[in-house]
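Enquirer: Quick one, what's the 3D model for this:
(chains A and B)
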Amino acid sequence: MSIVLMSGPAHGMTRVLAKKLADETGWPLYSRDQLAEEAHAQGIKLGRLEASIIKSPIISERLAWEKEVYLSFVTDVLYKKIKDNNLVYTGRAAHLLFPGVENIFRVGVSVPIETRVDIVAQQLNLSPEKALDYLKSLDADIIKWVHYVHRADLRDTSNYDLLLNLEHLNLSHATSLLKQTALLPEFDLTPDSRSHLEDVHLAARATLHLALNKETSHLSLGVRASGKILTVTYLPRQKDVAESISKVLGTLEECKGTICTMAETNILYLSEHFDPRSEDFQQITQLAKRWGAAVELIRLIPPKDGKPFFQEAAALEPRTGDSTYTGGVEDDGPEVETDDGGLSATIEELVAMGRSAGGYTIAGGQREVINALRDTENYSLIILGDLFLSKGPQASIRLTRELGMAINERLKTPVIRIEELQSQFLFGKKQALKLLLFTLVVVAIYTLVFSFQKPILDFLGGELHEKWRWASSIAVALFVPLVAYTYGTIAGLILKLVNID
Amino acid sequence: MSLKILILDDETIVGERLKASLEKDGHYLEAYTNPHEAIESLNQEVPDIVVTDIRMDDIDGIKILELVREKNPRTKVIMITGYATLEVARESLTKGAFDFIAKPFKIKEIKGAIEKAAQALATEDGG
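Expert: The predicted model follows:
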């Protein structure tokens, strides 16, 4: 059985090539356009997802959720088509579907820009200059889309089995080449790859079931399947709905069992503002990946009009029911904070990385934070970012320190400032320099010790020792901790380097 | 600023809902479900803003956009669609659409787009 997933630039003849391959092999052809129509019919907000690439989504939208649902929907629809059949599927980033499943033929098509400009100018009735502008903007949008939806770089050639450049290759020869390659044993599904495919499909169906069920649609869950057994990971604050998860998934056919597990390790990051592109955020996610931890965000802001409040982040707000038909013109609903200090965008990024433990805003101070954390015991590390900024630099430092001490006392969990993260847990340029310096110190100590063994031994137990007995005792008392500290530092840095804490 | 806005969507409810909320802001609205009738109106009177659906049976929104841009480049065209794709959005913007909104959308989103269009019109008119 052959599955051919073909990607290519927009207006770049990939569809024509896919059709020729389908005609020549007799395999069914399916395109992203057909899939988009089905998604629309099923009520999946694909249009909102697409438009979000060009325009920033409004803050109250849960696009991370929509993205998961869309990908699960795509997997479900395509799986039904390939279950007992060959398939040629063509679409944007088609080669990235069914990630990790082997023996699927993943094809990329490249077409010269001049050819595409001609096609677009004719199809859309544009001047060549406008057609070129259109294609440049569209190509940039599609790169963003692939990064957002698939967390991959469209230009990464390692994701393709075959890249066809149609600049000098005619369509008939390209089709024969594709057909011959698609029929190679490497692209025939094996029992192992089929089993993997079934697991990917089962996880997708489970995600869809959970996302479309009222009881579980608002949860941020990790779903994976292995050997037809589903493992659903939920956050500690969602422990009350664990039963609902099992109930919702209980109706899934072909599922041998469901294991619901609570995420064990969390990193909590408190700050007044967040930026998913910042170096601080990169460091936190690096640590989270290393520990297999999820990251929870708390945005701590001054009380509004003197009143403290607590607000869930928009990215995790429950989905509203769509009971009345509105023609797509929806009421505004309750006002939400339009500036959330980057909280929703950062949660979206964490969701995409599979590292989100949710987030919320607290308007208040130390007491409100402690109250919010009262029943939580599973943090491995608490990181304090920029806090109490409105109080001025000195007061901000003092209040942050006091908050750290209060949290540490309450939860008995290590609390550090964001500036300390790199030096305490990660290996960067500074740590590399430190490792080099301390290694040089050790080498220097060894060189000196072995070069001057005789006087040293004399100083420790010979004639010199007799004369300066007290001095040798002081020297040993100083030297031993110095060596121990140097060794300890080097060992610590090497462990950080190899990602062992 | 009171604006003359033409709405074209083959679903009656869209025009009704937009009319109900935008007229509260003091704008004058005409809603059409038939593109031919909308074109006839466009030939007689020039609106400040046209809000048009893209996918319609007879004539699509892109054609309406081209027509409006040809007849009166001052008029701002806001495209709305339930079948938004990057390709359609880029095509609309390349052909001179002022904004592109995917359905389902919140009323405040279209109000925001209209406000921006009004500002652009005021700037162009030297106000």
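
Enquirer: Point to the residue nearest the middle of chain B.
Expert: B:V51 (1.3 Å; C-alpha atoms, centre = their mean).

Enquirer: Mind telling me what element that one is part of?
Expert: Element membership for B:V51, per DSSP states H and E: strand B:49-53.

Enquirer: what residues does the next helix or strand after that strand touch?
Expert: The helix or strand immediately downstream of strand B:49-53 is helix B:61-71, counting by DSSP H and E. Applying C-beta atoms under 8 Å, 6 or more residues apart in numbering or on different chains, the external contacts of helix B:61-71 come out as B:8, B:35, B:38-39, B:42-43, B:46, B:50, B:52-55, B:75, B:77, B:79-81, B:88, B:91-92, B:95-97. For glycine as for every other residue, the C-beta is placed from the backbone atoms N, C-alpha and C.

Enquirer: next SSE after helix B:61-71?
Expert: Once the chain leaves helix B:61-71, the next helix or strand it forms, by DSSP H and E, is strand B:76-81.

Enquirer: and that following strand with helix B:61-71, angle?
Expert: Interaxial angle of strand B:76-81 relative to helix B:61-71 (axes from the mean of the first three to the mean of the last three C-alpha atoms, to 10 degrees): 180 degrees.

Enquirer: Just the mean pLDDT for strand B:76-81, thanks.
Expert: Strand B:76-81 shows a mean pLDDT of 95.

Enquirer: Could you check how far that strand is from the centre of its chain?
Expert: Distance of strand B:76-81 from its chain centroid, counting by C-alpha atoms, centre = their mean, to the nearest Å, is 4 Å.

Enquirer: which strands and helices sit next to that strand?
Expert: Judged by 3 or more C-beta pairs under 8 Å, 6 or more residues apart in numbering or on different chains; DSSP states H and E, the packing partners of strand B:76-81 are strand B:49-53, helix B:61-71, helix B:86-94, strand B:99-102, helix B:107-124.

Enquirer: Identify the neighbouring strands of it in the sheet and state each direction.
Expert: Partner strands and pairing direction for strand B:76-81 (DSSP bridges) are strand B:49-53 (parallel), strand B:99-102 (parallel).

Enquirer: Please list the residues outside it that contact it.
Expert: A:47, A:328, B:9, B:14, B:48-55, B:61, B:64-65, B:68-69, B:88-89, B:92, B:96-103, B:105, B:110, B:113-114, B:117, B:120-121.

Enquirer: Just give the closest residue to A:I407, not the sequence neighbours.
Expert: Closest residue in space to A:I407, ignoring its immediate chain neighbours: A:V415 at 5.3 Å, by C-beta to C-beta, 6 or more residues apart in numbering or on different chains.

Enquirer: That should have said A:D192, apologies.
Expert: Of all residues not flanking A:D192 in the chain, A:E102 sits nearest, at 7.6 Å (C-beta to C-beta, 6+ apart).

Enquirer: Tell me how many other residues surround the one you found.
Expert: Using other C-beta atoms under 10 Å in any protein chain shown, A:E102 has 13 neighbouring residues.

Enquirer: Can I take it that it is in a strand?
Expert: No - remark: A:E102 does not belong to a strand; assigned using DSSP: H, G, I helix; E, B strand; the rest coil, it is coil.

Enquirer: quick revisit: the residue nearest to the centre of chain B against B:R17, yeah?
Expert: No - contact criterion C-beta atoms under 8 Å: B:V51 and B:R17 do not qualify, at 11.7 Å.

Enquirer: Which of the contacts of strand B:76-81 are buried? Put it as a ChimeraX command.
Expert: In ChimeraX syntax, the buried subset of these is picked out as below (16 or more other C-beta atoms under 10 Å in any protein chain shown):
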select /A:47,328 /B:9,14,48,49,50,51,52,53,54,61,64,65,68,69,88,89,92,96,97,98,99,100,101,102,103,105,110,113,114,117,121
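
Enquirer: Export the strands paired with strand B:76-81 to JSON lines and append columns for mean pLDDT and distance to A:E114.
Expert: As requested, those are exported to JSON lines (pLDDT from 0 to 100; distance: least, C-beta to C-beta, whole Å):
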{"stretch": "strand B:49-53", "mean pLDDT": "96", "distance to A:E114": "33"}
{"stretch": "strand B:99-102", "mean pLDDT": "93", "distance to A:E114": "28"}
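
Enquirer: Identify whichever of these lies nearest to A:Y379.
Expert: strand B:99-102 (38.7 Å; C-beta to C-beta).

Enquirer: now whichever helix in chain A runs longest, how far from the centre of its chain.
Expert: The single longest helix within chain A, with elements called by DSSP state H, is helix A:469-497. Mean-position distance between helix A:469-497 and its chain equals 41 Å (C-alpha atoms, centre = their mean).

Enquirer: measure the residue nearest the centre of chain A to chain B for me?
Expert: Compute the mean C-alpha point of chain A, and by C-alpha atoms, centre = their mean the closest residue is A:M353, 1.2 Å away. In this view, A:M353 and chain B are 23 Å apart by C-beta to the nearest C-beta, to the nearest Å.

Enquirer: Next up, the contacts around the closest residue in space to that residue that isn't next to it in sequence.
Expert: In space, and not counting its chain neighbours, A:M353 is closest to A:T285: 6.3 Å by C-beta to C-beta, 6+ apart. Counting by C-beta under 8 Å, 6+ apart, A:T285 touches A:295, A:350, A:353, A:355.
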